[in-house]
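>>> Pasted the sequence and its predicted model underneath.
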Amino acid sequence: MATRRGSIGSFGSVSSTVSSGLTEIEEEAAEEKLYVAVAAELKAGKATLFWAIQNTTRDQTIVLVHVLVPAKLIPMLGGKFPTSSLTTQQVDAYRMLERDKMNKSLNEYINLCSQMKVKVEKAVIEMDGIANGLVELIERHRITKLVMGAAADKHYSRESTPHASWTTPMPSQSSMVSKTPSLPSRQTSMASLSEQSRVPNVFLRQNESFNSYVSTTEDLSRQTSFSSFGDRNAAALPPTSSVRIPHNRSVGSSSNYPWEGISRSSRSSSPSVNFEDIINSCLVSVANYHESEAGSLILPSINGPEKEHIFSPPNHDMEDQGLDGDIYNKFQEALKEAEKLKSEAYEEYCKRQKAEMDALLALQKAKASEHKYAKEARLRKETEETLVAEKLQFEKLKKQYSDISEQLKMTVEQKLKLELQISEVENAARDYEKKLSEAHELLRSLQLDYDVLQQEHDKAVRDMDELLLKEDQTANISRSFSLEFSSSELKKATQGFSDSLKIGEGGFGSVYKGFLRNTAVAIKLLHPQSMQGISEFHQEVSILSRVRHPNLVTLIGACSETLALVYEFLPNGSLEDRLACKDNFEPLSWQVRTRIIAEICCALIFLHSSNPYPIVHGDLKPDNILLDANYVSKIGDFGISRLLDQSSSCSTLSYNTTNPRGTFAYMDPEYVTTGELTPQSDVYSFGIIILRLLTGKPPVAIVKLVEKYVNNEKLHAIIDKSAGNWPFAQANQLARLGLRCCALSRKSRPDLAGQVWQTVELSMKSASLSATTLSVRSVSKNDRTPPYFICPISKVSIHSSESWLS
């Protein structure tokens, strides 16, 4: 703290500051800061701040200290009211205004310091008293340097002499710094103040034990002393000097220092004066700090009149009583002697007190030194432990570095080995790739050779199979037929294969009408130069020699020499000729057409269920369906028919070929695309024949045509009118049956022995009833059976469908 001419701070703050100051001897400040107590107004505290800035370094931080004393009377409605008579909201609002005003003032100080490029902080506390606030700030922030402004000129002593200063403060204690180099001469050091403050207590307790005295001395020794940053050469006042504290002259006394007359005699002769009361009186008057000029501390006088010696001996009373002059002189001498003795005793007491204080301070310094030594030892021990740990860590890191270096070295060596191995592997891989490429080329060459050999092998196997088949077929022919016709007989029967007897011709050969042994026959002469003709010859002989059915052409004999087949002669030609009305033949009636459909279905069921090998015709069409004299249909031309092996691994019986043969309009689409011949292929051809018998239209695109009219329910528009009046229900059933048989997918086609035969059987029964009615009428007119109902084998009349089917 600083005072301009001897102003003294609050004794309460001195006491607390001394306590904290002695405690802080053991600690070192992290950062040296200068605390400056400033007034609320910039105008009042600007000079103090300027002085502090001028007397400090630029790097040092200045902390602005201010104690906000809340007003006890709050102005309101033209008057002032105590806080107890107002509401909490009103008091809080006014306190907020006070804080805003304080912050605004402190911001002005901060702006001023910022302009001067000085580091500045602020420390603010709100308390009822300035002294208490300063003490609290000193304890809280451990302040060692505090600058305060001096009091106004009217508070200085008229007897002050220049160049007086406070004593140098003890280490680590709070200091009061003056901003002026000169101080009043009547000011004493805080040491003398401390000594004088102890005197009344000592004399009051002169009969107490020494231990109690030492305790009192130790308690009072915790009081702080103040020093000055002013004239360091100024000598401290003697211990006997009286303490002069300025007080407010408005009290009415003429003296500035109410305690300056307290002499050694007065201390001894007036034990009733309690120094604690003086301190309390000073502390009460500290509250007037904020009302004084420049923030100086003002202490009032203890008694009213200002005298040089407040406690003077009662010599005037004695004189007034008229004592004798000699007695008075003796009394004065005795009194002076006593005063002298008391003065000597007091000097001894002060010396002893000072020695005790020095010893106490030395003890405290020793304790602080011991504490510092212990702290330094602890720090040294921690440093040594840290150093040992760091050394261990360093050794560990060094070892790790060595291990890592070794591993790195090994890794580099391993990397080189791996790179060498990779290079070798790459070279080997290139060699292997080259060899693999050569192997692939060799494999392709071998594959080509294998394919050629396989083809040759397959061809040889086929040739062998054909030879074996020819042998078997020749043997079968010899076994099956009792008649083996010679070529001469065939030439004689056909008049040398005369063109006049030729009844048909195709790519396979020609068909001639002949007479063998008084029987009309049809002789089919195949081209001997064609391998296909030879294959068809043996195939047809093999199949027709195995089966017999009323609706299959009967093979009478054969001639291996000329590759000729001898069949029974069927005078009404083929179904294709009858549909085309060739040679002006009358159209077939719907009853005959219905019966032909049933007969073809029956023959196909017989072929597909043949044992041990099912037979697929493969080329079913109207050209290969022949009609006898009674218009009974018979299926012929089995040249491309196939026997299906039941031991095949396929789920369905089939024959695979790479060269599908047949008439395209009647061929199964799947057979054309896959080369797989199945019984369903004959079902497709049978469906086309049904649609042709219904409509009389050509086979090309007949499926789409009939489907269109059936879906539009206009089937009657395309039914062949030359067949007579078809029953619509029967015609519709047959049309839908034909469309189902012509489905593109084999799985969608119906089974002949199941759904197809049920529908066909119903249609045939209806046609038979109609034919019976016609035959009865014919018999009444002509007493003979119509040729339509004469069995071609037994040559007997058939009156129902069951008789000939059985």
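Looks like it came in fine.
>>> Every contact and neighbour count from this point should use C-alpha atoms.
OK.
>>> Going along the chain, name the strands of the stretch 1-150 of the chain.
33-37, 61-68, 73-76, 79-82, 120-126, 145-147 (DSSP state E, counting those that start in this stretch).
>>> Looking at the ones you listed, which is nearest to T657?
strand 120-126 (109.8 Å; CA to CA).
>>> Partner strands of that closest one and their direction?
strand 61-68 (parallel) (DSSP bridges).
>>> and the angle from the partner strand to strand 33-37?
Per axes from the mean of the first three to the mean of the last three CA atoms, to 10 degrees, the angle that strand 61-68 makes with strand 33-37 is 30 degrees.
>>> contacting residues around strand 61-68?
With CA atoms under 8 Å, 6 or more residues apart in numbering as the test, strand 61-68 has contacts from 32-40, 53, 102, 106, 118-128, 130, 133-134.
>>> Of those residues, keep whichever come out buried.
Buried subset of the contacts of strand 61-68 (neighbour count, 16 or more other CA atoms under 10 Å): 33-40, 53, 102, 106, 118, 120, 122, 124, 130, 133-134.
>>> got any ranges where the stretch 101-250 of the chain has weak pLDDT?
The stretch 101-250 of the chain contains residues with pLDDT under 70 at 150-250.
>>> at 80 what do you get?
149-250 (pLDDT under 80).
>>> repeat for the stretch 551-700 of the chain
Within the stretch 551-700 of the chain, the set of residues satisfying pLDDT under 80 comprises 612, 639, 645-655, 657-659.
>>> Spell out the residue ranges of the helices in the stretch 351-500 of the chain.
487-493 (DSSP state H, counting those that start in this stretch).
>>> tell me the domain boundaries of the protein?
11-312, 570-805 (automatic domain parsing).
>>> that older thread, identify whichever of the strands of the stretch 1-150 of the chain lies nearest to T759.
strand 120-126 (116.9 Å).
>>> What count of nearby residues applies to R746?
By other CA atoms under 10 Å, 19 other residues sit near R746.
>>> cool, K747 as well?
K747 - counted by other CA under 10 Å - has 9 other residues nearby.
>>> what does S405 give?
12.
>>> Same check on K434?
Neighbour number of K434 under other CA under 10 Å is 12.
>>> That one and H440: what is the separation?
10 Å (CA to CA, to the nearest Å).
>>> And the strands of the stretch 1-150 of the chain: which comes nearest K502?
Here strand 120-126 is closest among the strands of the stretch 1-150 of the chain (CA to CA), at 138.9 Å.
>>> Which residues does that closest one contact?
61-70, 106, 110, 113-114, 133, 137.
>>> what do you get if the cut-off is 6 Å, keeping everything else the same?
61-68 (CA atoms under 6 Å, 6 or more residues apart in numbering).
>>> So which of those residues is the closest to L607?
T61 (124.1 Å).
>>> Which strand residues bridge that closest one?
According to DSSP bridges, the partner residues bridging T61 are K33.
>>> And E576, how far from D668?
Applying CA to CA to E576 and D668 gives a distance of 20 Å.
>>> about what we covered before: nearest to L607, out of the strands of the stretch 1-150 of the chain?
Distance to L607, taken as CA to CA, is lowest for strand 120-126 among the strands of the stretch 1-150 of the chain, at 121.2 Å.
>>> where do the strands sit along the stretch 501-650 of the chain?
For the stretch 501-650 of the chain, applying DSSP E, counting those that start in this stretch gives strands covering 502-505, 509-516, 519-526, 555-559, 564-568, 615-616, 625-627, 633-635, 642-643.
>>> Appreciated, that's everything.
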